[in-house]
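**Q** Sequence and predicted structure, then a few things I'm wondering about:
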Amino acid sequence: MSAGVPLVSVRDLCVRFPVGRGEAVKAVDGVSFDVDPGETFGIIGESGSGKSTIGRTLVSLLAPTSGVVLHEGVDLSTLSRSELRLRRRPYQVIFQDPNAALDPRMTILQSVREPLDIVGELDPREREAVALRCLDHVGLTRDHGRRYPHELSGGQKQRANIARVLTVRPRLVVCDEAVAALDVSIRAEILNLFSELQREFGLAYVFITHDLGIVSHVSRRVAVMYLGVFVETGPVEEVLSRPLHPYTEALTWSQPLPVPASMRTRERKVLQGEIPSPVNPPSGCRFHTRCPHAQQRCADEVPQWRELAAGRWVACHFAGHVGSVSMA
């Protein structure tokens, strides 16, 4: 890979799903970002915002409707089928439900070895040796490998899914709500495992989640997504401690506070209303129908995507002055 070339570069990505009568779900509608080798890029937002669609597009499970996704400078849509199979291999995904991602008829070792069986570049004995080493990397034993998915806990099954990804020596792993289905006591173990594997193998992650605590723990940069578009990006500590967009502010207020109500020093601001339909999103700023600071300009004009400070990008007419904007 050439020096300075992002591992993944996304430009004006749009993904739409036809729903009939000439209408389409605008799942992703003009998103751009880069992911560098070895970094963790977080994407947060409510359910239905388009986060998972981006993740599936990054690993070529979905094709862009328009825009481009470059893998180390290469547009995979220009490749032949055989070239695509080879080029997409270092870009893998771990899904939310660890049980649904495993075949109940296969042992854990068979599932972990399956990608190598499909690739077919090693003899069977070597494939099994690689699969066993990957199980060891994630804290599972040969005995775990002999078991079937129903014989493992949720955390163990997710470790097996991580091991399966490792067999093909990925450079980027999309973690799509990868710890959301796990018990709280297990989440920290899996998040620490992700960090250990990143240090050991130099992995890059795109971490998709709705949990601010998780994204602050694992990510260096974060993008806040709402109804198919990014509304804010920047270093995770700055975005979560000093949000520039009203939606980001609302997300930070929605996090549970680990103190009794009687000891809280601030009144909680609850985000009102449901996320609008992605088939017919609101005009102007898509968040204006739920924004407590919205003015007429917000409905009339699409806010410019602009850099207010080094690395801090936001799409809001009144970014940086949210507290002083009067409600329309």
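**A** Cool, got the structure. Residues are numbered from 1 along each chain as shown.
**Q** Tally up the residues packed near residue 38, please.
**A** Using other Cβ atoms under 10 Å, residue 38 has 16 other residues around it. C-beta: built from backbone N, CA, C; applies to glycine.
**Q** ok, it - contacts?
**A** 198, 202, 203, 204 (Cβ atoms under 8 Å, 6 or more residues apart in numbering).
**Q** Residue 110: which of those residues is nearest?
**A** Comparing the contacts of residue 38 against residue 110 with Cβ to Cβ places residue 203 closest, at 24.1 Å.
**Q** Local confidence estimate at that closest one?
**A** On pLDDT, residue 203 comes in at 97.
**Q** Ok, residue 270 next?
**A** Confidence at residue 270, expressed as pLDDT, is 63.
**Q** same check, this time on residue 10
**A** Residue 10 carries a pLDDT value of 97.
**Q** Would you mind listing the buried residues in the helix or strand it falls within?
**A** According to DSSP states H and E, residue 10 maps onto strand 8-20. Within strand 8-20, the residues scored as buried using 16 or more other Cβ atoms under 10 Å are 8, 9, 10, 13, 14, 15, 16.
**Q** likewise stretch 44-60?
**A** Across stretch 44-60, burial judged by 16+ other Cβ under 10 Å covers 44-46, 48-60.
**Q** Which two of those have the greatest separation?
**A** 46 and 60 (25.6 Å).
**Q** Now do the strand holding residue 10: distance to the chain's middle.
**A** In terms of Cα atoms, centre = their mean, to the nearest Å, the centre of strand 8-20 is found 15 Å from the chain centre.
**Q** what's the angle between the helix or strand just after that strand and strand 8-20?
**A** Next along the chain after strand 8-20, taking DSSP H and E as the criterion, comes strand 23-35. Strand 23-35 and strand 8-20 are oriented at 170 degrees to each other (axes from the mean of the first three to the mean of the last three Cα atoms, to 10 degrees).
**Q** so what strands line up beside strand 23-35?
**A** Strand 23-35 has the following sheet partners, assigned by DSSP bridges: strand 8-20 (antiparallel).
**Q** For this protein, just list every one of the helices.
**A** 51-58, 81-87, 108-119, 124-137, 142-146, 154-166, 184-201, 212-218, 236-241, 246-254, 296-300 (DSSP state H).
**Q** Same list (those helices) but as CSV, adding distance to residue 316.
**A** Shown next, in CSV, are the helices of the chain (distance: least, Cβ to Cβ, whole Å):
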stretch, distance to residue 316
helix 51-58, 20
helix 81-87, 37
helix 108-119, 43
helix 124-137, 43
helix 142-146, 49
helix 154-166, 37
helix 184-201, 31
helix 212-218, 19
helix 236-241, 13
helix 246-254, 7
helix 296-300, 9
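**Q** nearest to residue 37, of these?
**A** Taking Cβ to Cβ, helix 184-201 is the member of the helices of the chain nearest to residue 37, at 10.9 Å.
**Q** packing partners for that closest one?
**A** helix 154-166, strand 204-209, helix 212-218 (3 or more Cβ pairs under 8 Å, 6 or more residues apart in numbering; DSSP states H and E).
**Q** Go through it and flag the buried ones.
**A** Neighbour count says helix 184-201 has 186, 187, 190, 191, 193, 194, 197, 198 buried, by 16+ other Cβ under 10 Å.
**Q** quick one: contacts for residue 136?
**A** Listed by Cβ under 8 Å, 6+ apart, residue 136 has no contact partners.
**Q** any idea how far residue 225 is from it?
**A** Look at residue 136 and residue 225: by Cβ to Cβ, to the nearest Å, they are 36 Å apart.
**Q** now do residue 110
**A** Taken as Cβ to Cβ, the span from residue 110 to residue 225 is 36 Å.
**Q** neighbour-wise, which of those two wins?
**A** A direct count of neighbours by other Cβ under 10 Å for residue 110 and residue 225 places residue 225 higher, at 24 against 17.
**Q** What does the pLDDT read for the residue nearest the centre of the chain?
**A** The centroid of the chain falls nearest to residue 208 when counting by Cα atoms, centre = their mean (2.3 Å). For residue 208, the pLDDT comes out at 96.
**Q** Show me where this structure dips below the pLDDT cut-off.
**A** Applying pLDDT under 70 to the chain picks out residues 1-3, 255-270, 320-328.
**Q** any idea how it splits into domains?
**A** 8-90+170-324, 105-168 (automatic domain parsing).
**Q** Out of the helices of the chain, which gets nearest to residue 174?
**A** Of these, nearest to residue 174 by Cβ to Cβ is helix 51-58, at 4.2 Å.
**Q** contacts for that closest one?
**A** So helix 51-58 is contacted by 8, 10, 13, 15, 27-28, 31, 43-45, 62-64, 69, 91, 93, 172, 174, 176-177, 206, 208, 225 (Cβ under 8 Å, 6+ apart).
**Q** and with 6 Å instead?
**A** Residues outside helix 51-58 that contact it (Cβ atoms under 6 Å, 6 or more residues apart in numbering) are 15, 27, 28, 43, 45, 62, 174, 176, 208, 225.
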